Structures are given as C-alpha cells and as structure tokens.
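Peer 1: here is my input; please provide its structure:
(chains A and B)
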Number of protein chains: 2
Amino acid sequence: MCELLGMSANVPTDVRFSFAGLSRRGGGTGPHRDGWGIAFYEGRGARVFHDPQPSAHSEIARLLRDYEIKSRTVIAHVRRANRGRVALENTHPFTRELWGRAWTFAHNGQLKGIKKRSLGAFHPIGGTDSEHAFCWIMGRLSARFDALPRVAELALAIEELCEDLAPLGVFNMLLSDGRALYVFCNKALHYIERRAPFGRATLVDEDLQMDFAKVTTPDDRVVVIASSPLTRDETWLSLPLGRLSVALDGRILRPIKRRAAR
Amino acid sequence: MCELLGMSANVPTDVRFSFAGLSRRGGGTGPHRDGWGIAFYEGRGARVFHDPQPSAHSEIARLLRDYEIKSRTVIAHVRRANRGRVALENTHPFTRELWGRAWTFAHNGQLKGIKKRSLGAFHPIGGTDSEHAFCWIMGRLSARFDALPRVAELALAIEELCEDLAPLGVFNMLLSDGRALYVFCNKALHYIERRAPFGRATLVDEDLQMDFAKVTTPDDRVVVIASSPLTRDETWLSLPLGRLSVALDGRILRPIKRRAAR
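Peer 2: Model prediction:
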C-alpha cells in the first residue's frame, strides 16, 4: 500500500510542512520505501519530482523540504510496491496531457483485473495497476469530451469512472489538472480545511511545529488531504467513502451530484 | 534563442560536467535566463526537472550539479524566451506519452506560422512555438504508427516531419524516448563522441576540468550534443544541416536513409 497527500489552496501555498510529515513515512516512520513523487502546479505547468529512493533518505526530498515552492495544487505519494517493481517509471504521480492541460494522478490500493480493461489513446509506461487505471480514466474522458468541461460536469464523469473501478479493490486516488483536485476513496482518506483564525499544528511523524498564523493572510484557505492525519493536534475528518470529492480553491465541494444538478 | 544539450551513452553516465557548463549559460556566461529543464531517462521512466528561474542561480540546478544521476539518455535546455512568456509551462523539455513510452523534446529556434498547423491527439499546455511543433510531430507519428516502430523506421518518419518544419525557421531539436536520441538541426549543433582512450577536458564556461579516464571503463561510449562546444580542449564536430542524426548507445548513426535502406 502507499500513502497520499493532496493540497488545494486559494493562494500559492508552501506545502513543506505537510510534505515533511509524509516523506518521513517513506522509509522512516512508515514502510513506504519504494519511491516517492510530488507534483506542484504553477499556472498551467506542473513541476513533478520522482525518485525511486525512499523519501526519508532522498536527496531530492531533502531539497524539497528546504526549498520553498509555492503552489495552489499539489499531489504527492510515497510508495510501498505491490504490483510493478521498484523503478522510476512506477513512481507516482503519473502525468498525461489532455485538452492542453497537464493531468497528474496518484493512487493508493490495488485493482484486481484492471489490466484486462482495454485502453484508448493513453498507455502505461510502467507496470503498475495504478498507471493502467489512470490511462483508462484519461482514455474514457478524452473519448467523452472534446474539450475541457466545467469542473462540475467533469466531476460527474470522473465519479462514474471511479465507481466503475472501485469494486476491483482499494481505490483511493488524487487526480488534478491544476484547476481542481478530484479525490475518490473507498478505504480511507482524511482531510483538514485550514482558514482564519489560523493556529498551530504539530506533525505526527516528526517533532516539527508550524504556526500557520505567521505565514498566512486572513483570506487564505487551504485543504490538505492525506491517507492518515499528518498532525496530532488538529481535527482531521474522513472523506466520504465511495464518492468523489472535489477540492477547489482551498475548500472541499460536496456533494458533487447535488451541486451539478443546480 | 536557447541552448540545447543532449547525451547518449552505452552505460549509465554522469552528465554533471556537461550540465555545469550549460547551466552557466543560463544567466551566467550566457543570456539564456528564462528558465531551464533537463530530462534523465532511467529505464522506461524519465526524471524531468523544470525551473523558470535562470539555471545559473537555480537551487534545483545547484542540486543537480552536486547530486549524481546516471543516465543513458539526457536532454537539457536553457531558455531565452521569444514566443511564450517566462513560465513553468513554457520551459523545455516538453514530455508526452506515445506507444507507452515517455517522449521528451527540446528545441532551439523559432518557427513562423507553426501555430497554424492543425494538431491531432496532442495539444500544447503552454504558449511556445516549440511545444506546438512537438505536439504536431507526436500527432503525426501516432497517426502513422500503431505501435513503437524500429529506430531506423522511426528515424525516417521523424526526418520527413523535420524537413517539413525546417523551412519555417530555425529548427534545432532533440527528441527521445530513452531508447534513441533523434537530433535535427538546420542552424547549428555540435557533438563529440568520447571513447577509450579517455582524456581530460576543461569547460568553456567555468574553470572546471574532468579526467574522463577516472570515471569510465574502456568499453564506455558517450556522445554529447550541444548548441556550441562545451569544452575548450577537445575537437567538437558540426552535425550535418537539414538532416536527422540519431544517437544510439553512445554513437552517432549516420546517414539514416542509407542505413534504413539496407
């Protein structure tokens, strides 16, 4: 299994505090030592860092803990290999271009029989279940929409595809084009919405505290999504199982179906 | 204009010496201060680092000068913006998946009217001429071949597409799927093939010397391609203009047409 981290914010936000917690789980406080990756959106572009080394001991992860990259949308992953050997091409997040947008995807879980599903225009580079599922989703979306749909319309389509995949096994996933962060879970994902008044928080995995009041303005909003809570002194909530959640501009929009039907 | 760096080797090879020279030209010894990027293939995967900061002053470029990543195929680029603003999505190399392979592309030059060319399945994320040209090439290749062709067959197809684009302006480009490095130039690209007996070389842009004999075995072969020679005490050759060259396993295969017709 693996662990996921997602962030959506209404202003470019430093994710280093959360990433410090996640990356400790990659061979330090957790067993997810088979590589890691992170995608930071900046405008329409995405910086994506991958490393098949354990994140707890990775030089590149150390750089990212020291070097401020502010982003409104982040997807990160630490891997415990089950399907697909430990290799660069098997490290999440995976990326593809669709409708002139850079899409990134990370997954926690296993999907039995996913490789029997025929693919459209997108094909896996590596050998994981996860990348096959991503390619299947991208192929179905590209066949259905000629151009980028509105978030609500796209969310409905993504939810249908996720509901189709979920019975194959554990399917906790983060998917983004940098505009919205689409989140599905059928096992466990947690989230926290941070907004004014901002307080302090302490990591679960490292003796590191952050005073968010010092690095934010009163209008800032940030939502952080993680496989298990990253801080020990905040109240994290569970995301609903079997449903798509959408994080946009630092808040979770739910439920999608009701909003889309307005 | 921009500067390009490509490397092909028969064993995983450290490109830091050449990258140190190139990255100095990104706002240090050269005016290419509008971002930089580098792709390192590892197996079927590629690590791609992008930064809209000048490479001479970039924290990520500094990490890559200090941190050994060995690769058999590398494409790097330092940018002087002409079309497309300074932004992450406009920094080369660009990447796309085709036939289950990760393709990367970097370009030096301008192509007048390229954006009038209609595209197939691949669309630009940013606003550069270069990414439009890359998407056009990928679209034409995907329409022509259902699966990855042999290198010689693909080289012929890529050469035809490059000959079609070259009259639009300056078209010096590097394209790879990690297997071979396809190189086209109609203005200027230089290369050097290094093999035993290995000697020493000194960078043009920095007072840095390398003794290749200390880091190689007698069977190693490396070819380095650059917009202008990176070392001052080796003999660099010009690549033929208006033709596709292919670097494979550390040597330049030429001419393609004659080889393919065998």
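
Peer 1: residue of the stretch 101-250 of chain A closest to chain B, please.
Peer 2: A:His123 (3.9 Å; CB to the nearest CB). For glycine as for every other residue, the C-beta is placed from the backbone atoms N, C-alpha and C.

Peer 1: is it fair to say that residue lies in a helix?
Peer 2: No: secondary structure of A:His123 (DSSP: H, G, I helix; E, B strand; the rest coil): coil, not part of a helix.

Peer 1: what's the neighbour count on it?
Peer 2: 18 (other CB atoms under 10 Å in any protein chain shown).

Peer 1: now do the contacts for it.
Peer 2: A:Cys135, B:Glu97, B:Trp99, B:Gly100 (CB atoms under 8 Å, 6 or more residues apart in numbering or on different chains).

Peer 1: now it, what are its backbone angles?
Peer 2: phi -130, psi 140 (degrees, to the nearest 10).

Peer 1: so how far is A:Glu131 from it?
Peer 2: Between A:His123 and A:Glu131 the computed distance is 9 Å (CB to CB, to the nearest Å).

Peer 1: got phi/psi on the spatially closest residue to A:Pro218 that is not a sequence neighbour?
Peer 2: Leaving aside its chain neighbours, A:Pro218 sits nearest to A:Ala196 (4.3 Å; criterion: CB to CB, 6 or more residues apart in numbering or on different chains). Here is the backbone geometry of A:Ala196 (degrees, to the nearest 10): phi -60, psi 140.

Peer 1: and what of the one 4 residues further on?
Peer 2: Phi and psi for A:Arg200, reported as degrees, to the nearest 10, are phi -110, psi 160.

Peer 1: which residues pair with it across the strands?
Peer 2: In this entry, A:Arg200 is beta-bridged to A:Asp211, by DSSP bridges.

Peer 1: number of residues surrounding it?
Peer 2: A:Arg200: 13 neighbours (other CB under 10 Å).

Peer 1: thought it was touching A:Val215?
Peer 2: No: using CB atoms under 8 Å as the test, A:Arg200 is too far from A:Val215 to be in contact (11.3 Å).

Peer 1: for A:Arg251, give the beta-bridge partners.
Peer 2: Applying DSSP bridges, one finds that A:Arg251 bridges with A:Leu248.

Peer 1: is it true that it touches A:Tyr191?
Peer 2: No: here A:Arg251 does not reach A:Tyr191: they are 10.3 Å apart, not a contact under CB under 8 Å.

Peer 1: overlap in contacts of those two?
Peer 2: A:Val223.

Peer 1: give me every residue in the stretch 1-150 of chain A lying close to chain B.
Peer 2: When proximity is defined as CB under 8 Å from any CB of the partner chain, the stretch 1-150 of chain A approaches chain B at A:42-52, A:59-60, A:63, A:67, A:87-91, A:95-97, A:99-102, A:121-126.

Peer 1: can you rerun that using 6 Å?
Peer 2: By CB under 6 Å from any CB of the partner chain, the residues of the stretch 1-150 of chain A that approach chain B are A:42-45, A:47, A:50, A:59, A:63, A:67, A:87-89, A:96-97, A:100, A:102, A:121, A:123, A:125.

Peer 1: so which elements touch the helix or strand hosting A:Ser71?
Peer 2: Element membership of A:Ser71 [criterion: DSSP states H and E] is strand A:70-78. Applying 3 or more CB pairs under 6 Å, 6 or more residues apart in numbering or on different chains; DSSP states H and E, we find strand A:70-78 packed against strand A:3-14, strand A:36-42, strand A:101-108, strand A:172-176.

Peer 1: try 7 Å
Peer 2: Based on contacts counted as 3 or more CB pairs under 7 Å, 6 or more residues apart in numbering or on different chains; DSSP states H and E, the elements that strand A:70-78 packs against are strand A:3-14, helix A:16-24, strand A:36-42, strand A:101-108, strand A:172-176.

Peer 1: got TSV for those, with mean pLDDT and mean neighbour count too?
Peer 2: As requested, the helices and strands packed on strand A:70-78 are arranged in TSV below (pLDDT from 0 to 100; neighbours: other CB atoms under 10 Å in any protein chain shown):
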stretch	mean pLDDT	mean neighbour count
strand A:3-14	96	22
helix A:16-24	90	23
strand A:36-42	94	27
strand A:101-108	97	24
strand A:172-176	98	27
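
Peer 1: which one, of these, ends up nearest to B:Ile225?
Peer 2: Nearest to B:Ile225, of all the helices and strands packed on strand A:70-78, is strand A:101-108, at 27.1 Å by CB to CB.

Peer 1: ok, residues contacting that closest one?
Peer 2: Residues outside strand A:101-108 that contact it (CB atoms under 7 Å, 6 or more residues apart in numbering or on different chains): A:1-4, A:39, A:44-46, A:48, A:75, A:77, A:92-96, A:130, A:133-134, A:138, A:148, A:170, A:172-178, A:227, B:125.

Peer 1: after that strand, next one along is what?
Peer 2: Using DSSP H and E, the first helix or strand after strand A:101-108 is helix A:129-144.

Peer 1: can you tell me what sits against that next one?
Peer 2: Taking CB under 7 Å, 6+ apart as the rule, helix A:129-144 contacts A:83, A:92, A:94, A:96, A:98, A:103, A:105, A:107, A:110-111, A:114-115, A:117, A:119-125, A:157, A:161, A:165.

Peer 1: my guess is A:Asp205 meets A:Thr29, correct?
Peer 2: Yes: contact criterion CB atoms under 7 Å: A:Asp205 and A:Thr29 qualify, at 4.4 Å.

Peer 1: look at those two and report which has more neighbours.
Peer 2: A:Asp205 (19 against 15).

Peer 1: excluding chain neighbours, what is closest to that one?
Peer 2: Nearest non-adjacent residue to A:Asp205 (CB to CB, 6+ apart): A:Arg24, at 3.9 Å.

Peer 1: and the one you found, how far from A:Ser55?
Peer 2: 8 Å.

Peer 1: out of the contacts of A:His123, what pair is the most spread apart?
Peer 2: Farthest pair in these, by CB to CB: A:Cys135 and B:Trp99, 12.3 Å.

Peer 1: partners of A:Ile75 in the sheet?
Peer 2: A:Gly6, A:Ala39.

Peer 1: what sits against it?
Peer 2: A:Gly6, A:Ala39, A:Pro93, A:Thr104, A:Ala106, A:Leu174, A:Ser176.

Peer 1: again, but for A:Gly28
Peer 2: Counting by CB under 7 Å, 6+ apart, A:Gly28 has contacts A:Ala56.

Peer 1: run the last query once more with 8 Å
Peer 2: So A:Gly28 contacts A:Pro54, A:Ala56, A:His57, A:Asp205 (CB under 8 Å, 6+ apart).

Peer 1: residue contacts, the third one?
Peer 2: Residues counted as contacts of A:His57 (CB under 8 Å, 6+ apart) are A:Gly27, A:Gly28.

Peer 1: likewise the last one?
Peer 2: The contact partners of A:Asp205, by CB under 8 Å, 6+ apart, come to A:Ala20, A:Gly21, A:Leu22, A:Arg24, A:Arg25, A:Gly28, A:Thr29, A:Gly30, A:Leu230.

Peer 1: swap in 7 Å and give it another go.
Peer 2: Here A:Asp205 is in contact with A:Gly21, A:Arg24, A:Arg25, A:Thr29 (criterion: CB under 7 Å, 6+ apart).

Peer 1: ok, A:Lys115 to A:Leu98 distance?
Peer 2: 21 Å.

Peer 1: those two: which has the busier surroundings?
Peer 2: A:Leu98 (20 against 16).

Peer 1: and the more buried one, bridged to which residues?
Peer 2: With DSSP bridges as the rule, A:Leu98 is bridged to A:Arg101.

Peer 1: weed out the non-buried ones from the contacts of helix A:129-144.
Peer 2: Among those, the ones that count as buried by 16 or more other CB atoms under 10 Å in any protein chain shown are A:83, A:92, A:94, A:96, A:98, A:103, A:105, A:107, A:110-111, A:114-115, A:117, A:121-125, A:157, A:161, A:165.
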